[in-house]
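J.: below are the sequence and a predicted model; questions follow.
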Amino acid sequence: MGEAKRRKDLGLPPREKKKKKEEKKAGFISNLSARFPFLPFILGGILLVVLIVDLVNYYK
């Protein structure tokens, strides 16, 4: 006996279909980091070089 017949015999209403929750779209930063996982290392290296160059120029 299927579930539909059993529910009908018991006088229960048909089963409601589950509604899927809408997925939130990922933001710009998470899309960028997912596409380029090495990007933080490159940006960190560039920042470190800029700070070192600035420090050297300051003490000249």
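T.: Thanks, I have the structure now. Since the structure is predicted, the reported quantities are computational estimates derived from the model, not experimental observations. Numbering: from 1, shown residues only.

J.: dump the lowest-mean-pLDDT helix or strand in the chain to CSV, restricted to CA.
T.: When the helices and strands of the chain are scored by mean pLDDT, DSSP states H and E, helix 28-35 comes last with a mean of 86. Extracted as CSV, the C-alpha positions of helix 28-35 are listed here (Å, rounded to 0.1, in the frame of the first residue of the first chain):
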residue,chain,number,x,y,z
PHE,A,28,32.1,39.8,-4.8
ILE,A,29,35.0,39.1,-2.4
SER,A,30,34.1,35.4,-1.9
ASN,A,31,33.7,34.9,-5.7
LEU,A,32,37.0,36.5,-6.2
SER,A,33,38.7,34.4,-3.5
ALA,A,34,37.1,31.2,-4.9
ARG,A,35,38.3,32.0,-8.4
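
J.: confidence score at M1?
T.: M1 is assigned 65 on the pLDDT scale.

J.: repeat that for the one 5 residues further on.
T.: The confidence metric pLDDT takes the value 89 at R6.

J.: kindly report the same for V56.
T.: On the pLDDT scale, V56 gets 95.

J.: any idea which element it lies in?
T.: Element membership for V56 (DSSP states H and E) is helix 39-58.

J.: show me what counts as buried in that helix.
T.: Using 16 or more other CB atoms under 10 Å as the burial criterion, none of the residues of helix 39-58 qualify. In this view, the C-beta of every residue, glycine as well, is placed from N, C-alpha and C.
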